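[1] here you go, sequence then predicted model.
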Amino acid sequence: MKLLRIKKNNFEEALRSLQNEFKIYIPKKEDDNVVFSELGNFKDMDYKFERTSHPIKEFVLPQNETLFYFLKDGSREKESFDTSKRILLGLRPCDAKTLKLLDFNFLDSSYIDPYYEKRRKNTFVISIACNEFGENCFCDSLGDSPYKLNGADAIIYSISNEELNLLIDNEVIFSFFKKYGEKIEEANGEEEVSEKGKIAERATKPLPVKELKEKLPSLIGSTDLWKNISSTCIECGVCTYLCPACYCFDISDITFGKGGKRLRSYDSCMFKEYTLEASGHNPRPTGAERWRQRLLHKFLYYPDLYNELGCSGCGRCIDKCPSKIDIREVINYAFNYK
């Protein structure tokens, strides 16, 4: 990894150079939401880079995606989509981590998803360390850190009025920035970043996610537990749609005239129809079973498969849940259930 100290005006000059090859997206305020928008006017860069309202998975796994068009004679044509190189600038470490979690499923499995792969290989990430915490974010409670690279290609930290520090772990990105930096050092790792960046961490009580993983198999049949957890859930699915690590989808064929198209769209394990079988049988008929699946997936199955939690602690599910369900409280409640 390379550690680069760079003046802000030089950093912006480097970004202008990058725009010859990459589309650059930054978080921007739009009404009540913060969304990723393509960087145009550099006056839009205030270096605050608020966490976006929606997760970045939309860049690699769109909410609705046409896989191909087909004709009734059996012929088909793949949909062409934008595979231009892009840089996501200013996302938080919790969001950078979720790209790694998605990669486990779409790239490191026995089947590589070609649609995801094409977008992902052309997507580069420059994240920004957090020097303050949002009301509902909790990456630190999961044993993570607000200054880790977490799979990003580079991370910005220690921003002053005149300059910033950039830790780079990607040779393509480094090749663009090295000529604009004033001082380059070899960095031993993210521990060095934490010390030099002087990122203030709060003292929070860790969530018992490791202990919960060991306990969850014994809780599968605890009907009252899951009923209590799901009692206020209206099954709207917003927690899964806004979760940057959730990737469930449905496939549908839409016909028109002599042909049609095959569409991949987000789905949610919180929907009753998600596990509804053609026979009419549903192995998860109520919200209790669906909430059980959600917790098992994130805190048991995912760690078993990939040695990582299926949650980054971004807190979007807490922010937007209309029933005010707090996943942190759910974790503690399940762990302490007897």
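    Yes, it's here.
[2] residue ranges with poor pLDDT in this protein?
    109, 182-204 (pLDDT under 70).
[3] in this structure, which helix is the longest?
    helix 93-106 (DSSP state H).
[4] could I have the CA atoms of that one written out in CSV?
    Extracted in CSV, the C-alpha atoms of helix 93-106 (Å, rounded to 0.1, in the frame of the first residue of the first chain):
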residue,chain,number,x,y,z
PRO,A,93,-15.9,2.1,4.6
CYS,A,94,-19.1,0.2,5.5
ASP,A,95,-20.3,0.6,1.9
ALA,A,96,-16.9,-0.4,0.5
LYS,A,97,-17.0,-3.6,2.5
THR,A,98,-20.4,-4.6,1.0
LEU,A,99,-18.9,-4.7,-2.4
LYS,A,100,-16.6,-7.4,-1.0
LEU,A,101,-19.6,-9.2,0.4
LEU,A,102,-21.4,-9.1,-3.0
ASP,A,103,-18.2,-10.3,-4.7
PHE,A,104,-18.3,-13.5,-2.5
ASN,A,105,-21.6,-14.4,-3.9
PHE,A,106,-21.3,-13.3,-7.6
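[5] show me what that helix is in contact with.
    Identification of contacts with helix 93-106 by Cβ atoms under 8 Å, 6 or more residues apart in numbering yields 51-52, 55-57, 60-61, 112-113, 116-117, 120, 123, 125, 127, 129-130, 137, 139, 144-152, 155, 244-245, 247, 302, 305-306, 308, 310, 312-314. (Glycine included, C-beta is placed from N, CA and C.)
[6] does Lys85 touch Arg120 like I think?
    No - using Cβ atoms under 8 Å, Lys85 makes no contact with Arg120, being 11.6 Å away.
[7] which elements pack onto the helix or strand just after the longest helix of the chain?
    Once the chain leaves helix 93-106, the next helix or strand it forms, by DSSP states H and E, is helix 114-121. When contacts are defined as 3 or more Cβ pairs under 8 Å, 6 or more residues apart in numbering; DSSP states H and E, helix 114-121 sits against helix 93-106.
[8] relative orientation of the helix it packs on and helix 114-121 in degrees?
    When axes from the mean of the first three to the mean of the last three Cα atoms, to 10 degrees is applied, the directions of helix 93-106 and helix 114-121 differ by 140 degrees.
[9] of the contacts of helix 93-106, which belong to strands?
    Thr123, Val125, Ser127, Ile155 (DSSP state E).
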